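In: just to be clear, the model below is a prediction. Sequence and coordinates:
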Amino acid sequence: MLSSDMMLQNRYRVIPPLGRGGMGAVYEAFDERLSRTVALKETLVETDELRRAFGREARLLANLRHPALPKVLDHFDEGGGLFLVMEFIPGDDLGRLLDTGRAFAPAEVLGWAEQLLNALEYLHGLRPPVLHRDIKPSNLKVVSPGHVVLLDFGLAKGNAGQMTATGGASLLGYSPAYSPLEQMQGAGTDERSDLYSLAATLYHLLTGASPPDALSRATAVVNGRPDPLRPPHLINRGVGAHVSAALMRAMALDIDSRPRNASEMRVQLHDTAPTTAAHTVPVTGEDETTRVAVAPARANTAAATSEPYRTPGRLVVPVPEETRVVKRHGGGMKWWAVGAVLCVGLVTLSAVLYLFFTGSNTSSVTQANRPAVGDSPRPAPSPTPAENINLRPEVVGTPAAGPEELAARERLAEKNIPFNEAAFARAVDGGDIGAVELFLAAGMSPDVRDSAGGTALIGAAARGRNDISRKLLRGGADVNARDGDGSTALMQSAAGGHQETTEVLLAAGADVNLRDSNGQTALIRAAARGHADVVRKLIRRGARLDVRDRGGRDALAWAEENDRSDVVDLLKKARARRP
């Protein structure tokens with residue numbers, strides 16, 4: 001541990017440490033020769049091999065040049081410690097801001113993601129490739145609006161030699177919530193390991209929740225339990241389904257299931273058509289494997305959640321569009337037994353359906369109206385497609401369909417869109433207003449709920465879907481419906497800064513002062529994220545300025561804490577005007 005004002009190399013005057021780990025520390029220091037502040041990273045090593053590796057990698061890092069990476073200025077050995085001198089980046093890191101309850105808009109986070117993917121493309125494209133191996137919120141700093149810098153290549157943690165990709169095992173520490181399984185097990189890392197860490201970091205920034213660590217996830221899966229990693233769009237409705245799908249793929253436990261490189265991950269983050277996701281799961285008690293592959297969705301729809309959703313009285317699990325069963329030799333039931341069971345079932349079902357549809361007519365036939373002996377009964381005409389649609393499965397709780405509803409369902413069928421709640425949710429999430437109109441015309445309730453308890457209107461508002469929000473409201477959607485966390489469509493729209501959607505909801509009678517489970521109103525959410533125009537609209541509609549959440553903070557306190565100066569001025573002026 002270095003003491004304050006200690007001088008190193010007759011040049012660097014030490015200031016109290018910025019951070020400390022088991023194998024070293026990071027100090028703020030002043031370069032007396034060049035009169036500038038620097039970051040001084042100390043690493044304690046015990047072998048000559050690690051010392052030589054440190055020297056090699058310090059020279060490699062000194063040649064890195066990228067806007068999202070701090071510059072390495074010098075390195076030296078003194079008093080048994082190895083020191084790396086780097087450009088000093090002031091301000092709080094994103095990990096500390098998350099700890100204070102700071103929330104980040106999805107657009108802001110995705111802007112950082114673009115810069116970080118660019119940095120990883122640069123690092124991974126070097127020869128040999130350079131791996132970071134410690135991407136996490138506390139290693140990210142926002143130095144100016146929209147500009148993020150990736151700090152700390154792990155050398156301060158005693159990981160000398162870990163930067164270059166050599167194909168060997170990872171050395172020493174890791175950060176559990178953000179590290180892939182192969183790094184935690186010491187099985188060797190590559191570029192895709194950094195993509196996992198970046199995805200876990202983006203997950204935390206988008207949801208405000210630290211992701212479960214890879215080892216806990218793997219343990220759950222091996223023991224037959226569901227993966228505890230929830231898709232981020234189910235936690236924060238402002239996150240697009242395609243972004244959620246891209247992050248889930250990048251956080252796959254199997255390294256081969258992740259994007260191959262940073263470029264591919266960028267494409268998936270911006271791609272509204274989700275890629276095929278496959279899982280191989282052994283069937284308990286049978287010697288066969290069921291492989292479920294979901295075919296790519298249409299370009300005008302967003303990824304459907306893989307989680308089940310509830311309807312009154314039963315649990316409905318979305319059915320994949322394509323299912324293949326791959327049979328291993330030597331196990332399972334005999335084919336002839338399966339065929340026999342299917343035949344018996346079909347015969348039984350046919351008999352039941354025949355009795356059901358003909359029983360009532362048969363009982364009403366009398367002696368007088370029976371056909372004469374020798375007459376040939378005329379066959380009934382086959383039902384037309386419009387008539388036959390009544391025999392298709394209905395959504396639970398949906399009343400009998402009229403002619404207009406049947407016609408709308410037929411048009412959905414022509415577009416290969418099934419008439420069910422999951423497909424309706426995909427149309428809303430994907431902004432397919434034509435499909436949404438057909439669903440409503442076909443009799444779909446606008447207030448059906450997803451697995452998180454949210455309605456279609458809440459989902460549309462979170463994404464700023466103005467036209468779809470109007471359609472749902474005209475179709476009878478409850479403007480003040482709440483999801484499982486107590487959030488309303490207005491709260492989600494305000495949090496996302498969607499001005500026009502907010503106006504649509506207010507015009508439809510949205511209650512501006514409702515609170516979610518954390519005691520926050522739409523005004524608090526908008527103020528915390530700096531959406532001044534939305535704050536102004538809410539104040540004009542009578543939003544209360546004195547409401548405090550469960551943490552005791554009102555809209556002004558949140559705006560001040562997050563340095564939203566324009567919103568702070570707006571709220572102070574509003575308070576001055578109100579008695």
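Out: Arrived safely. Remember, predicted model here, so these are calculated numbers, not experimental data. Numbering: from 1, shown residues only.
In: where in the protein is pLDDT low?
Out: Counting by pLDDT under 70, the chain has low-confidence residues at 1, 16, 18-24, 46, 153-173, 272-401, 451-452, 578-579.
In: let me see the domain layout of it.
Out: With domains defined by automatic domain parsing, the chain comprises 7-87, 94-165+174-279, 480-579.
In: check the burial of the residue lying closest to P176 once chain neighbours are set aside by counting its neighbours.
Out: Spatial nearest neighbour of P176, excluding adjacent residues (C-beta to C-beta, 6 or more residues apart in numbering): D213 at 4.0 Å. Just so you know, the C-beta spots here come from the backbone N, C-alpha and C atoms, and that holds for glycine as well. Residue neighbour count, defined by other C-beta atoms under 10 Å, stands at 21 for D213.
In: as PDB, could you dump the C-alpha coordinates of stretch 181-194?
Out: Provided in PDB are the C-alpha atoms of stretch 181-194 (Å, rounded to 0.1, in the frame of the first residue of the first chain):
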ATOM      1  CA  LEU A 181     -18.600 -19.700 -17.600                       C
ATOM      2  CA  GLU A 182     -15.300 -20.600 -19.400                       C
ATOM      3  CA  GLN A 183     -13.500 -17.800 -17.500                       C
ATOM      4  CA  MET A 184     -14.900 -18.800 -14.100                       C
ATOM      5  CA  GLN A 185     -13.800 -22.400 -14.700                       C
ATOM      6  CA  GLY A 186     -10.400 -21.400 -16.000                       C
ATOM      7  CA  ALA A 187     -11.100 -23.200 -19.300                       C
ATOM      8  CA  GLY A 188      -9.700 -20.600 -21.600                       C
ATOM      9  CA  THR A 189     -11.200 -17.500 -23.100                       C
ATOM     10  CA  ASP A 190     -11.400 -15.800 -26.500                       C
ATOM     11  CA  GLU A 191     -13.100 -12.800 -28.100                       C
ATOM     12  CA  ARG A 192     -16.600 -14.200 -27.400                       C
ATOM     13  CA  SER A 193     -15.800 -14.100 -23.700                       C
ATOM     14  CA  ASP A 194     -15.500 -10.300 -23.900                       C
END
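In: pull up the distance across stretch 57-70, start to finish.
Out: 15 Å (C-alpha to C-alpha, to the nearest Å).
In: show me where the stretch 151-300 of the chain has strands.
Out: 278-282, 288-293 (DSSP state E, counting those that start in this stretch).
In: next: the stretch 1-150 of the chain.
Out: With strands called from DSSP E, counting those that start in this stretch, the stretch 1-150 of the chain shows them at 7-8, 12-21, 24-31, 36-44, 72-78, 81-87, 140-144, 147-150.
In: can you redo those as TSV with distance to A441?
Out: Output for the strands of the stretch 1-150 of the chain, formatted as TSV (distance: least, C-beta to C-beta, whole Å):
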stretch	distance to A441
strand 7-8	75
strand 12-21	59
strand 24-31	62
strand 36-44	62
strand 72-78	63
strand 81-87	60
strand 140-144	47
strand 147-150	46
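In: what's the neighbour count on A441?
Out: 16.
In: and it, what does it touch?
Out: By C-beta atoms under 8 Å, 6 or more residues apart in numbering, the contact set of A441 is 404-405, 408.
In: let's see which of the residues you listed end up in helices.
Out: 404-405, 408 (DSSP state H).
In: for P129, state which of those residues is nearest.
Out: Among the ones in helices among the contacts of A441, A408 lies closest to P129 (C-beta to C-beta), at 54.1 Å.
In: now the closest one: how far from A460?
Out: If you measure A408 against A460 using C-beta to C-beta, to the nearest Å, the figure is 19 Å.
In: before we move on, what about P70?
Out: With C-beta to C-beta as the criterion, P70 and A460 are 42 Å apart.
In: follow-up on the earlier one: can I get the ones in helices among the contacts of A441 in a markdown table including neighbour count and distance to M251?
Out: Shown next, in a markdown table, are those (neighbours: other C-beta atoms under 10 Å; distance: C-beta to C-beta, whole Å):
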| residue | neighbour count | distance to M251 |
| --- | --- | --- |
| E404 | 11 | 45 |
| E405 | 19 | 41 |
| A408 | 20 | 39 |
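In: what's near enough to touch the residue nearest to P176?
Out: 176-177, 179, 184.
In: farthest-separated two in the residues you listed?
Out: Distances among the contacts of D213 were taken as C-beta to C-beta; the most separated pair is A177 and M184, at 10.8 Å.
In: neighbour count winner among these two?
Out: In this view A177 and M184 are compared by other C-beta under 10 Å, and A177 has more residues nearby, 19 against 16.
In: pretty sure that one sits against S210.
Out: Yes. A177 is within contact range of S210, at 4.8 Å (criterion: C-beta atoms under 8 Å).
In: between the two, which contacts overlap?
Out: H204.
In: now do stretch 221-232: everything it contacts.
Out: For stretch 221-232, contacts defined as C-beta under 8 Å, 6+ apart pick out 203, 206-207, 211-212, 216-217, 220, 239, 243-245, 247-248, 251, 253, 284, 305-307.
In: how about a cut-off of 6 Å?
Out: Residues outside stretch 221-232 that contact it (C-beta atoms under 6 Å, 6 or more residues apart in numbering): 203, 206-207, 211-212, 217, 220, 239, 244, 247-248.
In: in a markdown table: the contacts of A441, plus distance to L545.
Out: Rendered in a markdown table, the data for the contacts of A441 read as follows (distance: C-beta to C-beta, whole Å):
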| residue | distance to L545 |
| --- | --- |
| E404 | 47 |
| E405 | 46 |
| A408 | 46 |
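In: what is the nearest of these to D48?
Out: Of all these, A408 has the smallest distance to D48: 76.3 Å, by C-beta to C-beta.
In: quick one, what contacts the closest one?
Out: 438, 441-442.
In: quick check: beta-bridge partners of V149?
Out: Using DSSP bridges, the bridge partners assigned to V149 are K141.
In: what ranges do the helices span in the stretch 101-250 of the chain?
Out: 106-124, 181-184, 191-207, 214-222, 232-235, 241-250 (DSSP state H, counting those that start in this stretch).
In: so which of those gets nearest G496?
Out: helix 106-124 (7.4 Å).
In: just the buried residues of the closest one, please?
Out: 106, 108-110, 112-113, 115-124 (16 or more other C-beta atoms under 10 Å).
In: then stretch 248-267?
Out: Going by 16+ other C-beta under 10 Å, stretch 248-267 has these buried residues: 248-253, 255, 258-259, 261-262, 264-266.
In: widest-spaced pair of those residues?
Out: L253 and R266 (21.9 Å).
In: count the neighbours of the residue lying closest to L61 once chain neighbours are set aside for me.
Out: Closest residue in space to L61, ignoring its immediate chain neighbours: V72 at 4.2 Å, by C-beta to C-beta, 6+ apart. Neighbour count for V72, taken as other C-beta under 10 Å: 22.
In: repeat for I539
Out: 23.
In: got it, and G443?
Out: So G443, with other C-beta under 10 Å, has 19 neighbours.
In: what distance do you get for the closest residue to V448 other than its chain neighbours to A543?
Out: In this structure, V448 finds its nearest non-sequential neighbour in E421, 4.8 Å apart by C-beta to C-beta, 6+ apart. Counting by C-beta to C-beta, the gap from E421 to A543 is 33 Å.
In: equivalent analysis for F104, please.
Out: F104 is 22 Å from A543, by C-beta to C-beta.
In: ok, A423 next?
Out: From A423 over to A543 (counting by C-beta to C-beta), the distance is 36 Å.
In: please apply the same query to G453.
Out: Counting by C-beta to C-beta - G453 and A543 are separated by 24 Å.
In: which of the two has more neighbours?
Out: Set G453 next to A543 and count neighbours by other C-beta under 10 Å: A543 wins out with 24 against 16.
In: would that one count as being in a helix?
Out: No. Applying DSSP: H, G, I helix; E, B strand; the rest coil, one finds A543 to be coil, outside a helix.
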